[in-house]
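K.L.:
could you look at this predicted model? Sequence included:
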Amino acid sequence: MTVPELSELFRDMDPEHPRHVAAWLGEVFGGPPAYSRERGGHAHMVGMHLGKEITERQRRRWVELLQDAADETGLPADPEFRAAFTGYVEWGSRMAVLLSQPGVRPGPPEPMPSWTWTLPPWQPPGEVAPG
Ligand code: HEM
């Protein structure tokens, strides 16, 4: 699939990139610390965005594709989880845009972000017992 807004930005992408982003997302949402162990954690991720000058249009398209990927890979679709997922992706992608602007230098080391959700998946109310 060619994505006009993103093709130049991702032209030299590491073929393992989707796995790396999946490892990142898994760790952020409480999974194993695979990204920290294997890719160098937060500082490495920040470094990958420096100088890329990501635009708002590119960010929006990237977010849309990530939501498609969440559907295609069968991430839980309950509103409670997806609201948290979307919240993180909005925050993270906006951070990526800020970090990617000209002249931005990496700051002091930061821990991995940690995201969660508190509500259990909503269930339709059961039938009311006849009175
Ligand atoms: C929640 C938002 C985001 C997350 C969690 C994320 C995560 C990552 C991670 C983990 C890497 C490094 C992978 C590695 O270890 O090699 C990376 C690299 C990269 N990201 Fe992001 N990213 C986000 C937003 C964006 C956006 C909005 C764009 C552009 C539209 C973008 C463009 C890139 C590019 C071009 C690379 C380098 C790819 C390569 O050369 O392999 N990212 N991102």
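P.N.:
All right, it came through fine.

K.L.:
all helices for this protein, in order.
P.N.:
For the chain, applying DSSP state H gives helices covering 17-28, 34-39, 41-49, 56-72, 79-99.

K.L.:
turn these into TSV, including mean neighbour count.
P.N.:
The way it works is simple: take the backbone N, C-alpha and C, and place the C-beta from them, glycine included. Shown next, in TSV, are the helices of the chain (neighbours: other CB atoms under 10 Å):
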stretch	mean neighbour count
helix 17-28	16
helix 34-39	16
helix 41-49	16
helix 56-72	14
helix 79-99	15
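
K.L.:
how about the residues of the protein near the ligand?
P.N.:
For the chain, the contact set with the ligand under CB under 6 Å from any ligand atom comprises 9-10, 12-14, 17, 20-21, 24, 39, 44-45, 48-49, 52, 54, 58-59, 62, 89, 92-93, 96.

K.L.:
how about the closest residue to Val46 other than its chain neighbours, what does it touch?
P.N.:
For Val46, ignoring the flanking residues on the chain, the nearest one in space by CB to CB, 6 or more residues apart in numbering is Pro106 at 5.4 Å. Shown in contact with Pro106 (CB atoms under 8 Å, 6 or more residues apart in numbering): 43, 46-47, 50.

K.L.:
Throw those residues into a markdown table and include pLDDT, thanks.
P.N.:
Output for the contacts of Pro106, formatted as a markdown table (pLDDT from 0 to 100):
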| residue | pLDDT |
| --- | --- |
| Ala43 | 96 |
| Val46 | 97 |
| Gly47 | 96 |
| Leu50 | 97 |
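
K.L.:
ok, of the residues you listed, which one's closest to Asp68?
P.N.:
Val46 (25.3 Å; CB to CB).
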